[in-house]
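1. predicted model and sequence follow; I will ask about them next.
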Amino acid sequence: MRTPRHLRVHLPAALVAATLTLPTPAHPQTKPTQLSDARTLSIVDLSIPAELGYVIETHQPAASSVPATIIHIQEAHANYEAQQHIVAILEQLIERYGLKLILVEGGDGDVGLEYLRSYGPPENRKEVAEKYLKTGVLSAEEYLDIASDHPLILWGVEQKALYEQNVEAFLAAEPLQVALQPVLASVREAAEGLKGQLLDPALSDLDAKAKAFDEQRLGLADYAEALKRAAMRQEVPLGGSPNLVRFLEARRLEQSMQLPLVKQEQQALIGRLSQVAPEERLNGLVAKAEGMKAGTVKAAEFYDTLQQLASVSKVDLSAYPNLSAYIRYVAQSAQIRPTILSDELTALAAELRKSFLATPESRQLTSLLEEVDLVEKLLDFRLSPAEYRRLDSVDLVTIASRWERFVNAQLARQGRPPLSFQALTELAAKLPTVQRFYLVAQQRDEQLVKNALAKLRETKEPVAVLITGGFHSPEITRMLTEQGVGTVVLAPKVTTPTDERLYHAVVKYKSGHGTFDDVLSVANPPLTKAVSR
């Protein structure tokens, strides 16, 4: 949800030197993927393994002005797990669809590193590049451009001056971020201490679960079930959350079936169909199964075909209860839009909070905590575009004064000393420094799309990948769709949080405001000095 990969320059000279010092084993070269061997990309059928990531949304325009597809991958900067998954996703796109063109933020023009391939064979290049991928100095596509022999085009789609303004804003905001975080923490601590007196315990429980979910300590399924229970208690209907309803039904079906029996029943059903089904349609089912195994056919499509074939062949699926439940589970899961589900969870949680707030004081306290959360996200560069628009419409100095009046009035009622808000008021006046970062980030969106489409038209590639931070994704997707470009939005699977210290060290190093040793000092696990010489 923040700025892009910063400045694609100054790869450590050690990267080349270390490659030369490694032994050179005899091995065959990796065979580059030829576009003529690749399959045609179908937006509807594009899928990636769940262990690597997921498709967030797809847009297939009725009439395309650009005869190509852009696969937009949401970046997770300096996160080694995410970068590994992006590498694997890119390799699948290369192998399946002949991907060559990778459009990236953080640079302008040719940002390829293919020239480093001449310094060593793939095994050596991969070994060295892996170390720099772990530090965040290399991104997934840069790693692939060094370590593989695929004929890639890495092209930066930034407007240089605008991008440099964004980096400057990021660096200028860091001192304020360091100063404000402990002050905000004290405000949050005081406000949290008022919950017991002002809020329904059920709301405190809901807030705790929301926080645990946001911090990835509570899974999606458990959080969804918690919201459902709260909605039943407060008589809040779920009709406005269709994706949540589908998710809960899919979870119910998942829990109702015995997975080992699903496989047995599926084998039994296919054995039965092989005896009674029309041969042509049976061959179609086999083709779907092979496609699903290869990753070119979605599970929902295969099981829909299986269900139709059973119906045509007059085979009663009720004789296969676990498989029937699994088929419904797959169908429900296929209809869930992850991004919209996330929005529905947020909206439902907000509606539930309102239902718990019976007094003006409880409403004020809840509003204060939400605003503190937004300011913390602002400082961490984690705001979504919608959250930024909400925060941008209010005066943060006024908010700080309102917090002070409310918190100290409540503390006085309890006979406790007032909390000083002087530092917060002074620092809040400087928050436009941070807000400028978001403003410039939004201005970059138009240039990113403009330059991406220009390169796409120039190369005439049928498919390209565009990699940006998640903050840019909604606006970029909207602009691409409006211009008639088929678009698929992907996100890598991430289970480990980004190390913020590492991220900041990489930003400073790549922008010329820090050293590579600074990056090494916070890398986990650290690179050895032998590599960094």
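-> Everything's here; your move.

2. all strands of the protein, in order?
-> For the chain, applying DSSP state E gives strands covering 53-59, 69-75, 101-104, 108-110, 153-157, 463-469, 486-492.

3. using JSON lines, please lay out those strands together with mean pLDDT.
-> Shown next, in JSON lines, are these (pLDDT from 0 to 100):
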{"stretch": "strand 53-59", "mean pLDDT": "85"}
{"stretch": "strand 69-75", "mean pLDDT": "93"}
{"stretch": "strand 101-104", "mean pLDDT": "97"}
{"stretch": "strand 108-110", "mean pLDDT": "94"}
{"stretch": "strand 153-157", "mean pLDDT": "97"}
{"stretch": "strand 463-469", "mean pLDDT": "95"}
{"stretch": "strand 486-492", "mean pLDDT": "92"}
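
4. for these, could you give me CSV that also reports distance to Ser274 and mean neighbour count?
-> Just so you know, the C-beta spots here come from the backbone N, C-alpha and C atoms, and that holds for glycine as well. Shown next, in CSV, are the strands of the chain (distance: least, CB to CB, whole Å; neighbours: other CB atoms under 10 Å):
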stretch, distance to Ser274, mean neighbour count
strand 53-59, 33, 18
strand 69-75, 37, 25
strand 101-104, 44, 25
strand 108-110, 55, 14
strand 153-157, 47, 23
strand 463-469, 37, 24
strand 486-492, 36, 23
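
5. so for Asp304, which of the ones you listed sits nearest?
-> Smallest distance to Asp304 across these (CB to CB): 17.7 Å, for strand 53-59.

6. and that closest one, which strands flank it?
-> strand 486-492 (antiparallel) (DSSP bridges).

7. could you dump the strands of the chain into TSV with distance to Leu411 added?
-> Formatted as TSV, the strands of the chain follow (distance: least, CB to CB, whole Å):
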stretch	distance to Leu411
strand 53-59	44
strand 69-75	42
strand 101-104	51
strand 108-110	53
strand 153-157	52
strand 463-469	40
strand 486-492	43
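
8. so which of these comes closest to Glu290?
-> Using CB to CB, the strands of the chain put strand 53-59 closest to Glu290, at 21.0 Å.

9. contacts made by the closest one with the rest, please.
-> With contact meaning CB atoms under 8 Å, 6 or more residues apart in numbering, strand 53-59 is reached by 43-44, 46-48, 74, 85-86, 89, 337-339, 477, 480-481, 486-493.

10. domain parsing for this protein?
-> According to automatic domain parsing, the chain is divided into the following domains: 13-163+439-532, 202-356.

11. in terms of mean pLDDT, which of the ones you listed ranks lowest?
-> Among the domains of the chain, domain 13-163+439-532 carries the lowest mean pLDDT, a mean of 83.

12. so how far is it off the chain centroid?
-> Centroid displacement of domain 13-163+439-532 relative to its chain, using CA atoms, centre = their mean, to the nearest Å, is 14 Å.

13. run a quick neighbour tally on Leu113.
-> 21 (other CB atoms under 10 Å).

14. next one: it from Glu142, what distance?
-> Leu113 sits at a distance of 6 Å from Glu142 (criterion: CB to CB, to the nearest Å).

15. what's the span of stretch 69-88, first residue to last?
-> One end of stretch 69-88 to the other measures 19 Å (CA to CA, to the nearest Å).

16. okay, the angle between the longest helix anywhere in the chain and strand 153-157?
-> Counting residues, the longest helix found in the chain (DSSP state H) is helix 160-192. Relative orientation of helix 160-192 and strand 153-157, computed by axes from the mean of the first three to the mean of the last three CA atoms, to 10 degrees: 70 degrees.

17. so which elements touch helix 160-192?
-> When contacts are defined as 3 or more CB pairs under 8 Å, 6 or more residues apart in numbering; DSSP states H and E, helix 160-192 sits against helix 360-380, helix 396-413, helix 422-428, helix 432-459, helix 500-510.

18. out of those helices, which comes closest to Ser311?
-> Closest approach to Ser311 among the helices and strands packed on helix 160-192 (CB to CB): helix 432-459, 43.3 Å.

19. hang on, the earlier thing: closest one to Val397 among the domains of the chain?
-> Proximity of the domains of the chain to Val397 was assessed by CB to CB; the nearest stretch is domain 13-163+439-532, lying at 18.2 Å.

20. quick check on Lys493: phi, psi?
-> Backbone torsions of Lys493, given as degrees, to the nearest 10, read phi -70, psi 130.

21. how much space separates it from Lys288?
-> For Lys493 relative to Lys288 (CB to CB), the value is 25 Å.

22. who has more neighbours out of those two?
-> Taking neighbours as other CB under 10 Å, Lys493 and Lys288 compare with Lys288 leading, 21 against 17.
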